[in-house]
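Asker: Sequence first, then the predicted structure, then my questions.
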Amino acid sequence: MSLSNEERHIMVTLELERARKIQSEFSVYQQNELWSTLANRMYYAVYHAAMALLIANGLHAGTHQGVYVLLNQYFIKEKLLSAEHGSLYARLQTMREKGDYNCFIETTSAELLPILPKVSAFIDAIAILVQDI
């Protein structure tokens with residue numbers, strides 16, 4: 001599917017807005033100690049930011065894993081994003097999958113709170129990369 005410049009701009013804006021909206025909800029999950037839900041939402045915040053970056057660059061991924069592959073191939077490998085950004089995405093994707101599909105695994109505050117600021121940094125880095133689209 002090919003997007004016009006205007007359509008691409010709209011899609012990028014909507015994806016970044018979604019990432020920021022999800023990010024704004026983090027404190028609710030923290031206050032209520034809903035750690036698995038917070039892990040899920042942290043993942044989706046970085047996912048939507050990554051989608052904005054892919055769309056801005058005319059790339060399409062059909063799966064969540066595809067987003068990760070393209071993010072690595074075009075942006076981390078090319079040093080437009082840091083390796084730490086790629087690791088964060090992969091870590092959150094794994095945490096989300098385990099939390100969503102395995103009822104024996106509980107995510108903890110100790111796992112999430114140290115990486116919470118990294119989610120903001122990830123979204124901010126992508127916002128800079130797509131600002132001229």
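Answerer: Yes, it's here.
Asker: Next one: the residue lying farthest from the centre of the chain from residue 61, what distance?
Answerer: In the chain, counting by CA atoms, centre = their mean, residue 104 sits farthest out from the average C-alpha position, at 24.7 Å. To residue 61, residue 104 is 30 Å away according to CB to CB, to the nearest Å. Bear in mind the C-beta positions are built from the backbone N, C-alpha and C, glycine included.
Asker: quick one: which helix or strand includes the spatially most central residue of the chain?
Answerer: In the chain, the residue lying closest to the centroid (CA atoms, centre = their mean) is residue 46, at 1.0 Å. Using DSSP states H and E, residue 46 sits in helix 35-56.
Asker: ok, back up a step: measure the residue nearest to the centre of the chain to residue 2 for me?
Answerer: Applying CB to CB, the value for residue 46 to residue 2 is 26 Å.
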